[in-house]
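[1] build me a model:
(one chain, ligands or ions: 1)
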Amino acid sequence: MGQLLSDEQIARYHADGFLAIEGFVGPTACAALRRRAVEIVEEFEPTERRTVFTTNEQDRISDGEFLESSNNIWAFFEEEAFDDDGVLRQDKALSINKIGHAMHDLDDEFGAFSYTADLAAVAADIGMTDALALQSMYIFKQPLIGGEVGCHQDATFLYTDPLTVTGFWFAIEDATLDNGCLWMAPGGHRTGLRKLFKRRGPDYTRTDLGTEFEVLDTTPLPSPDALVPLEATAGTMVILNGLLPHWSDINRSAHSRHAYSLHCISAAAEYPAWNWLQRSAELPLRRLDRSDRASV
Ligand code: FE2
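    Residues are numbered from 1 along each chain as shown. Model (predicted):
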């Protein structure tokens, strides 16, 4: 596999902790993924207890559906989706915050989008020659109510030793200042990991014990005014180092901001049993370059 990124792009990624590649995905592939995501929401039947997604640490949802979404496809509602009487404020199709977290291994359309030679080549270019596709999320950032994602480092939520988590974020629709584009802390990946998001033990296989944060470094994450916005046209891929602080604002505009994000880790790194995302033996992680395919 030849190098896909230029030397200059690779150097910029390592200097800034992120890199945007415009036009990485064509309009047909974006449209197909968008269609499939909308279809999944249409087919989604919420249970009695509706799962809301929020990254605010005091009320982060860590219920069974969240932990079990490691191995399935679950739709999480926006925080503001329901009124005080528990009735949806807008149509279900406009109320879902995201779907996650195993579409790339359970859904053909998401699989085809995720396991591509180009993406495997990009991963290799930045040093991940043994990338495993760990987690997929389709984020809707709905018009009017699309929730803020507080400033965080992805390695808080997907930890390996050594740290290897890398995000591949795809703009499926244009991401602008109005509809909640990403904001980055250039160079912030050279600062320490602030905290860990862990399953509560001692039996990490249980999904009813909840989760907790462990503080590693009390240095505050940058506030939004210290970040730089990254507007991205549909089809842009953004690579994010797992230590890079990033944030996205609430979407009060009339336009959704669909994005797909795939997080990868190095197969050689240790993946602790206390990470919230745990795959079952029946659904093993696969190599991004599909070199795990059984040879015939
Ligand atoms: Fe993130």
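
[2] tabulate the CA atom coordinates of stretch 171-181 in CSV.
    The C-alpha atoms that make up stretch 171-181 are tabulated as CSV, following Å, rounded to 0.1, in the frame of the first residue of the first chain:
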residue,chain,number,x,y,z
ALA,A,171,-18.5,15.4,7.5
ILE,A,172,-21.5,13.8,5.9
GLU,A,173,-23.1,17.3,5.6
ASP,A,174,-21.4,20.7,5.6
ALA,A,175,-20.2,21.5,9.2
THR,A,176,-20.3,25.3,9.7
LEU,A,177,-20.0,27.8,12.6
ASP,A,178,-23.8,27.9,12.5
ASN,A,179,-24.6,24.2,12.8
GLY,A,180,-22.0,23.2,15.3
CYS,A,181,-18.7,22.4,13.6
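
[3] okay, now the unreliable bits of the stretch 51-200 of the chain?
    Counting by pLDDT under 70, the ranges of the stretch 51-200 of the chain that qualify are 51-63.

[4] which SS class is the residue nearest to I239 when sequence neighbours are not counted?
    Using C-beta to C-beta, 6 or more residues apart in numbering and skipping residues adjacent in sequence, the residue nearest I239 is L19, 4.9 Å away. Using the backbone N, CA and C atoms, a C-beta is placed for each residue, glycine as well. Under the three-state scheme (DSSP: H, G, I helix; E, B strand; the rest coil), L19 adopts strand.

[5] show me what contacts L19?
    5, 9, 12-13, 238-239 (C-beta atoms under 8 Å, 6 or more residues apart in numbering).

[6] who does the one residue sitting closest to the centre of the chain bridge with?
    By C-alpha atoms, centre = their mean, the chain has its centre lying nearest to S261, at 4.3 Å. The partner list for S261 in beta bridges (DSSP bridges) reads M137, W169.

[7] how close does it get to V228?
    19 Å (C-beta to C-beta, to the nearest Å).

[8] and the residue nearest to L227 when sequence neighbours are not counted, how many neighbours?
    In this structure, L227 finds its nearest non-sequential neighbour in W183, 3.9 Å apart by C-beta to C-beta, 6+ apart. Here the number of neighbours of W183 (other C-beta atoms under 10 Å) works out to 21.

[9] how far away is W183 from D16?
    Relative to D16, and taking C-beta to C-beta, W183 is found at 13 Å.

[10] in helices, which of the contacts of L19 fall?
    9, 12-13 (DSSP state H).

[11] before we move on, back to that, could you dump the contacts of L19 to JSON lines with distance to S69, pLDDT and neighbour count?
    Shown next, in JSON lines, are the contacts of L19 (distance: C-beta to C-beta, whole Å; pLDDT from 0 to 100; neighbours: other C-beta atoms under 10 Å):
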{"residue": "L5", "distance to S69": "32", "pLDDT": "97", "neighbour count": "18"}
{"residue": "Q9", "distance to S69": "33", "pLDDT": "98", "neighbour count": "18"}
{"residue": "R12", "distance to S69": "34", "pLDDT": "98", "neighbour count": "16"}
{"residue": "Y13", "distance to S69": "29", "pLDDT": "98", "neighbour count": "23"}
{"residue": "V238", "distance to S69": "23", "pLDDT": "98", "neighbour count": "24"}
{"residue": "I239", "distance to S69": "24", "pLDDT": "98", "neighbour count": "25"}
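
[12] after the longest helix along the chain, which helix or strand is next?
    In the chain, assigned by DSSP H, the helix with the most residues is helix 27-43. Sequence-wise, the next helix or strand downstream of helix 27-43 (DSSP states H and E) is helix 64-68.

[13] from the chain's centre, how far out does the helix or strand that comes right after that next one sit?
    Moving toward the C-terminus from helix 64-68, the next helix or strand (DSSP H and E) is strand 73-77. Centroid separation for strand 73-77 versus its chain: 13 Å, with C-alpha atoms, centre = their mean, to the nearest Å.

[14] then stretch 250-259?
    Distance, centroid of stretch 250-259 to centroid of chain: 17 Å (C-alpha atoms, centre = their mean).
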